[in-house]
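Participant: Please find the sequence and the predicted model below.
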Amino acid sequence: MTAINSTRLDRKRKLTRYAIREHGGNILFMLPAFALFAFVVLVPFIQSIPVSFTDKKAIFAKSWNFVGLENYIKLLKSSSFQDSFLHTAHFTVVYILGANVLGLALALMIWKSSRFNNVIRTLLFMPFTVSLVAATKVWSYVYTDVLMPLTGMPSPLGISSQVIYGLAAIAIWRDMGYCMLIYIAALQSIPGEYYEAARVEGANFWHEFRSITLPMIVPAITANVTLVLSWGLRCFDYSQMVLNMKAAKTTAVFVYEYIFGNSRAGLGQAGAIILTLVLVVLSNIVTTVLRKREVEV
């Protein structure tokens, strides 16, 4: 028994050493990114939680009073905060649908590897490398100096009822190439034998897409929808570029204005906490629902 136990201990030690060698390097490579994330995102977020329960006018104000949940109650009753949240939700829904539908459509057309398709993929992905501010600036000129003379229609960025769709179009143009690449990777991982068997049975393109393609790319749909959902709810740059337009004000802009513009840091931080909680809850719900529909290859 002693010999058996010593053998097991030796095996466990070897496995432990192997795991350290195998994963230690990966952890070391991740440490700089995690340290940057903690310094830029995690630590400021944790520090903002106590501020949301105070009446601080500025983040570094020395005099303040503890108000408990008063800031949260004010925000939930505030029509301005409710409107900004509705604008954010409206933008996010249009953004998710547009980026994913167009990204998937493009992926279905050019998922096969060829020189032409590779060039087209690069061109379609290039807008994703453009900054949000630059994209909004360029499209504001496109709306006013290109589309308006050609169609006679005014820029949607100047009309309250259309500004959300105008901003969503810019976001979709910029990010559909990113979604496309994820869908292409998913399409290329589907075994060709499935399509061959379906064609033998007389299936057409629609049958193949509904019964084979769509179920197999659900993991890619989960990744894209979750990412675009988080980007949409945190939308700031697009909305900020449309000055003096209440119909374009998102929750992120509301938080920014209250913290840095209206000198009500406590109220602004409470809005940021609410937005973060909504983002976490919705992301988990979407991920859980979509993962239940995933199938194994």
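Facilitator: Here it is on my side, so go on.
Participant: contacting residues for Ser160?
Facilitator: Ser160 makes contact with Met245, Lys246, Ala247 under the criterion CB atoms under 8 Å, 6 or more residues apart in numbering. The C-beta positions use only the backbone N, C-alpha and C, and glycine is treated the same way.
Participant: gap between it and Val253?
Facilitator: According to CB to CB, to the nearest Å, Ser160 and Val253 sit 15 Å apart.
Participant: quick one on the thing from earlier: give the buried subset of the contacts of Ser160 as a ChimeraX selection command.
Facilitator: Buried residues among those (16 or more other CB atoms under 10 Å), as a ChimeraX selection:
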select :245
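Participant: any idea which of the contacts of Ser160 is closest to Val289?
Facilitator: Ala247 (30.6 Å; CB to CB).
Participant: For the closest one, give me phi and psi.
Facilitator: Per-residue torsions, Ala247: phi -70, psi -10 (degrees, to the nearest 10).
Participant: avg pLDDT for the helix or strand harbouring Ala186?
Facilitator: Assigning secondary structure by DSSP states H and E places Ala186 in helix 163-188. Helix 163-188 carries an average pLDDT of 94.
Participant: helices or strands next to the helix or strand just after that helix in the packing?
Facilitator: Next helix or strand after helix 163-188 toward the C-terminus (DSSP H and E): helix 192-200. Counting contacts by 3 or more CB pairs under 8 Å, 6 or more residues apart in numbering; DSSP states H and E, helix 192-200 packs against helix 205-208.
Participant: Remind me what the next helix or strand along the chain from the helix it packs on packs against, helices and strands.
Facilitator: As assigned by DSSP H and E, the chain's next helix or strand after helix 205-208 is helix 214-216. On a contact count with 3+ CB pairs under 8 Å, 6+ apart, helix 214-216 meets no helix or strand.
Participant: residues contacting the closest residue to Val51 other than its chain neighbours?
Facilitator: Excluding its sequence neighbours, the residue lying closest to Val51 (CB to CB, 6 or more residues apart in numbering) is Gln269, at 4.5 Å. Gln269 is in contact with Ser48, Ile49, Val51, Ser52, Ile59, Asn71, Val255, Ile259, counting by CB under 8 Å, 6+ apart.
Participant: Selection in PyMOL covering whichever of these are buried, please.
Facilitator: Buried members of the contacts of Gln269, defined by 16+ other CB under 10 Å, are picked up in PyMOL with:
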select buried, resi 48+51+52+71+255+259
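Participant: In helices only, show me the contacts of Gln269.
Facilitator: Ser48, Ile49, Val51, Asn71, Val255 (DSSP state H).
Participant: Determine which two of those residues are furthest apart.
Facilitator: Within the ones in helices among the contacts of Gln269, Ile49 and Val255 form the most distant pair, 14.0 Å apart (CB to CB).
Participant: quick one, phi/psi of Leu162?
Facilitator: In this structure residue 162 is Gln, not Leu. Main-chain dihedrals, Gln162, degrees, to the nearest 10: phi -120, psi -10.
Participant: Enumerate every residue touching the nearest residue in space to it that is not next to it in sequence.
Facilitator: Closest residue to Gln162 apart from its sequence neighbours, by CB to CB, 6+ apart: Pro156 at 3.8 Å. Applying CB under 8 Å, 6+ apart, one finds that Pro156 lies in contact with Tyr143, Gln162, Val163, Tyr165, Gly166, Ala169.
Participant: Name the member of those residues with the most neighbours.
Facilitator: In terms of neighbour count, Val163 stands highest of the contacts of Pro156 at 23 neighbours, by other CB atoms under 10 Å.
Participant: Next up, the contacts around that residue.
Facilitator: Contacts of Val163 by CB under 8 Å, 6+ apart are Pro156, Leu157, Val242, Met245, Ala247, Ala248.
Participant: How about Ser48?
Facilitator: Neighbours of Ser48 in contact, by CB under 8 Å, 6+ apart: Gln269, Ala272, Ile273.
Participant: Show me those that map onto strands.
Facilitator: Judged by DSSP state E, these include no members of strands.
Participant: Just the closest of the residues you listed to Phe81, please.
Facilitator: Ala272 (11.6 Å).
Participant: is it true that that closest one touches Glu257?
Facilitator: No: Ala272 lies out of contact with Glu257 (CB atoms under 8 Å); the separation is 11.9 Å.
Participant: For these two, indicate the residue with more neighbours.
Facilitator: Neighbour count, other CB under 10 Å: between Ala272 and Glu257, Ala272 has more, with 22 against 17.
Participant: ok, now how distant is the more buried one from Ala38?
Facilitator: Distance from Ala272 to Ala38, counting by CB to CB: 18 Å.
Participant: low-scoring pLDDT stretches of this structure, where are they?
Facilitator: Applying pLDDT under 70 to the chain picks out residues 1-24, 243-244, 295-297.
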